[in-house]
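Visitor: prediction below, plus the sequence it came from.
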Amino acid sequence: MKKLQFLALFLLLSGLETSAQVFDASIEKKIDGLLKKMTLKEKIGQMNQLSADDMETNYKVIQQGMAGSVLSITNPEIANKAQKIAIEQTRLGIPLIIGRDVIHGFKTIFPIPLGQAASFNPDLVEKATRIAAIEASETGIRWTFAPMVDIARDPRWGRIAESCGEDPYLTSVMGVAMVKGFQGKNLSDPTSIAACAKHFAGYGAAEGGRDYNTTNITERQFRNTYLVPFEEAVKKADLATIMTAFNANDGIPSSGNEFLLKQMLRKEWNFKGFVVSDWASITEMVDHGFCTDNKEAAQKAINAGVDMEMVSGTYVAFVESLLKEKKINIETINDAVRNILRIKFKLGLFENPYVKGNTEAVFYKKEHLETAQKTAEESVVLLKNEAQILPLKNPKTIAVFGSLADAPHDQLGTWVFDGDKNHSVTPLQALKDQYGKNVKILHEPILKYSRDKDSTEFDKARKIAKEADVVLLFVGEESILSGEAHSLSNLNLQGVQSQLLVTLAKTKTPIITVVLAGRPLTIEKEVKESNAVLYAWHPGTMGGPALVNLLFGKANPSAKLPITFPKNVGQIPMYYSHLKTGRPVNGSELNVENIPIEASQTSLGNKSYYLDSGNEPLFPFGFGLSYTSFEYGKATLAKSVLKQDETIEISFSLKNTGNYDGAEVVQLYVRDIAGSIALPVKELKAFKRVELKAGESKNVKFDLKISDLAFYGIDMKKKVEAGKFDLWVGSSSVTGEKVSFEVQ
């Protein structure tokens with residue numbers, strides 16, 4: 001050890017190598033030494049992941065050296081027992097890696113990832129995932145199947161809740177932040193857990209927004225859009241693992257896609273971690289019709305580059321015979337095992353395999369809850385604030401309606417296995433705790449749950465609303481309605497929630513509607529009926545205090561939409577960075593109600609347009625209001641003609657012209673006017689959160705590398721093409737004054 005430390009110091013001082021490179025070299029040496037000692041069965045065992053459903057059977061499998069990982073152990077004693085068997089009762093003593101879906105918190109639950117993305121605050125998101133890692137690792141978990149960095153543009157898809165939305169740049173920034181939070185500064189830290197970017201690749205583009213469904217993404221679309229966040233996570237965050245997707249793209253299931261896993265991931269990106277299949281996605285290649293049986297599925301998955309199989313057991317069953325039949329080779333197996341061992345060494349599992357399990361001292365710590373509350377506050381989007389009704393100004397009586405006002409389970413959101421609803425602080429509870437002594441709170445849920453169709457208590461609601469100064473109506477969807485396998489074809493409010501809102505609106509008492517949901521819902525009519533609308537997503541453990549602080553002005557909304565909100569399902573897919581057609585809209589189009597009788601076929605202008613709902617969304621990407629107002633000065637460029645190795649400097653003034661302190665998420669968009677391929681009408685390239693006190697002004701500056709304008713063009717090579725560009729700086733994807741520049 002002393003020799004190794006001396007060598008590292010010598011090389012660092014001599015400038016030949018960094019200490020990290022020396023450490024990596026020492027790991028590779030250990031891997032090679034261990035690999036030489038391993039039998040074929042021991043190698044296959046490392047490629048096999050078990051589920052914790054039957055630990056008594058698992059203990060026997062582990063003892064036989066036939067398991068490299070176990071999924072979903074959350075009891076420290078069981079984790080230590082499994083590790084003890086792996087280390088002390090197998091020939092080589094290779095530790096297990098224990099994995100778990102830690103998606104948006106472990107015990108302390110944060111807003112769903114889509115909500116976290118709305119914060120446009122990667123530093124806060126990194127802090128949230130660091131807390132999740134600290135809590136999870138205390139139970140023995142050292143690997144999570146997050147973040148999900150699928151580009152998601154169809155809110156019918158239930159898993160959109162786990163995404164960071166529709167934009168490759170925002171998803172990349174947030175994905176990198178999440179990976180860094182999970183993995184910490186060093187994977188060997190016992191509080192660090194290996195991240196797993198998923199789903200590789202294109203899963204978010206499932207046809208019809210239907211989970212597990214087919215995708216048809218071209219290579220160019222993959223490179224320019226869907227693979228961008230994965231590549232960023234690999235190159236900027238030293239991502240430990242990647243998970244293959246369920247979907248088949250262009251007829252090839254991801255777990256058997258050599259082009260994705262070998263050409264792109266390994267050769268082009270130089271990924272050094274390991275690839276794991278999704279749950280039984282290898283055997284599901286038979287259902288896809290891509291393989292005749294499980295044996296062929298194992299063959300295609302191994303040859304494609306899937307290093308570890310999640311639960312379906314085909315590697316254990318067939319690798320030996322496939323090797324004898326020369327359908328796979330030993331070098332492929334060795335590479336897979338090498339990739340797995342590399343992460344185990346980096347995690348420090350060989351040195352520190354056991355866990356203390358001091359969970360009471362770690363779970364729900366005060367600082368964890370404070371961060372959860374702040375994250376929730378920064379994730380809630382203010383969509384409407386008619387006559388500045390918010391923040392509330394000393395109401396004497398508040399009427400609270402809706403099943404989600406006091407739903408401790410549902411506010412946690414989807415894919416929460418370990419959160420405890422008994423620790424949830426609901427909006428109703430927080431309202432009573434903070435204002436119950438001075439404000440009369442009239443609470444009647446009226447509806448038992450979001451899908452409730454019973455309207456028999458509407459008269460009671462009407463009478464109570466008339467007694468109040470303001471109505472708080474909590475609507476949306478229960479947590480079970482979003483997430484994996486929870487796709488919807490109708491995104492209207494479930495049950496009779498919308499009818500309840502209409503009933504309450506007739507009382508003329510001002511209505512503040514708070515929406516708790518795992519996806520964008522089609523709420524055009526509900527927005528019209530409401531005086532103010534807050535979109536809270538599923539806000540997590542501390543969602544209640546966060547919402548009450550926002551309602552009463554202790555916190556000022558700053559969140560922006562990470563995804564476009566359509567007016568109706570028929571507009572889907574709708575996203576801001578679409579391509580411009582040969583016949584784009586120009587604003588002169590007629591609505592279906594204004595078409596003259598017996599109008600000629602060509603009288604409507606022949607544009608790419610919906611006659612009934614137009615081409616405008618309900619709310620655009622990047623939109624979000626504040627209790628204050630911001631004034632943007634004219635953006636100026638340091639240079640208007642630049643070379644490809646230069647950086648463009650953009651500066652402008654930003655002033656808080658309102659009466660409240662607040663934060664504005666400033667967004668920078670660019671359009672490449674003409675290229676070797678058709679390009680999006682606008683693309684997000686940078687953003688900043690700017691804190692301003694009431695009346696304060698700041699000069700804001702962006703430095704954008706011209707190289708960040710590169711894309712895969714007609715020749716499938718990534719480069720910046722010379723030409724003219726437009727640039728906007730504003731508060732959303734549809735605001736900002738255009739300035740232009742040229743790249744030579």
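Guide: Cool, got the structure. Numbers count the residues shown, from 1 in each chain.
Visitor: all helices for the stretch 251-400 of the chain, in order.
Guide: 258, 284-287, 294-304, 314-324, 330-346, 359-362, 366-379 (DSSP state H, counting those that start in this stretch).
Visitor: can you tell me which of the ones you listed comes nearest to Asp406?
Guide: helix 366-379 (16.4 Å; Cβ to Cβ). Where you see a C-beta, it was placed from the backbone N, CA and C, and this is true even at glycine.
Visitor: out of the helices of the stretch 251-400 of the chain, which gets nearest to Lys30?
Guide: So among the helices of the stretch 251-400 of the chain, helix 330-346 is nearest, using Cβ to Cβ, at 6.0 Å.
Visitor: next SSE downstream of the lengthiest helix in the chain?
Guide: For the chain, the longest helix by residue count, based on DSSP state H, is helix 19-37. Next helix or strand after helix 19-37 toward the C-terminus (DSSP states H and E): helix 40-46.
Visitor: what sits up against the following helix or strand past that next one?
Guide: Sequence-wise, the next helix or strand downstream of helix 40-46 (DSSP H and E) is strand 48-51. With contact meaning Cβ atoms under 8 Å, 6 or more residues apart in numbering, strand 48-51 is reached by 58, 61-62, 66-72, 99, 276, 308-311, 313, 315-316.
Visitor: how about 10 Å then?
Guide: Contact partners of strand 48-51, identified using Cβ atoms under 10 Å, 6 or more residues apart in numbering, comprise 57-58, 61-62, 66-73, 82, 96-97, 99, 143, 276-277, 279, 308-317, 319, 340.
Visitor: save the helices of the stretch 251-400 of the chain as JSON lines, and put in distance to Gly713 and mean neighbour count too.
Guide: Shown next, in JSON lines, are these (distance: least, Cβ to Cβ, whole Å; neighbours: other Cβ atoms under 10 Å):
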{"stretch": "helix 258", "distance to Gly713": "25", "mean neighbour count": "14"}
{"stretch": "helix 284-287", "distance to Gly713": "33", "mean neighbour count": "19"}
{"stretch": "helix 294-304", "distance to Gly713": "28", "mean neighbour count": "23"}
{"stretch": "helix 314-324", "distance to Gly713": "40", "mean neighbour count": "19"}
{"stretch": "helix 330-346", "distance to Gly713": "33", "mean neighbour count": "20"}
{"stretch": "helix 359-362", "distance to Gly713": "50", "mean neighbour count": "13"}
{"stretch": "helix 366-379", "distance to Gly713": "37", "mean neighbour count": "22"}
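Visitor: could you list the low-pLDDT ranges of the chain?
Guide: For the chain, the stretches with pLDDT under 70 are 1-23.
Visitor: for stretch 442-459, buried residues please.
Guide: His443, Glu444, Pro445, Ile446, Leu447, Ser450, Arg451, Asp452, Glu457, Phe458 (16 or more other Cβ atoms under 10 Å).
Visitor: circling back to that earlier point, which ones among the contacts of strand 48-51 lie within strands?
Guide: Among the contacts of strand 48-51, the ones falling in strands (DSSP state E) are Ser69, Val70, Leu71, Ile97, Gly99, Trp143, Val276, Glu309, Met310.
Visitor: of those residues, closest to Ser403?
Guide: Leu71 (33.6 Å).
Visitor: list the contacts of that closest one.
Guide: Leu71 neighbours (Cβ under 10 Å, 6+ apart): 49-53, 97-101, 143, 145, 276, 279, 310-311.
Visitor: hmm, 6 Å instead?
Guide: By Cβ atoms under 6 Å, 6 or more residues apart in numbering, Leu71 lies in contact with Gln49, Ser51, Gly99.
Visitor: does the last one touch Trp143 like I think?
Guide: Yes. Proximity of Gly99 to Trp143 meets the contact threshold set by Cβ atoms under 6 Å, at 4.0 Å.
Visitor: so which elements touch the longest helix of the chain?
Guide: Where contact means 3 or more Cβ pairs under 6 Å, 6 or more residues apart in numbering; DSSP states H and E, helix 19-37 is packed against helix 2-14, helix 330-346.
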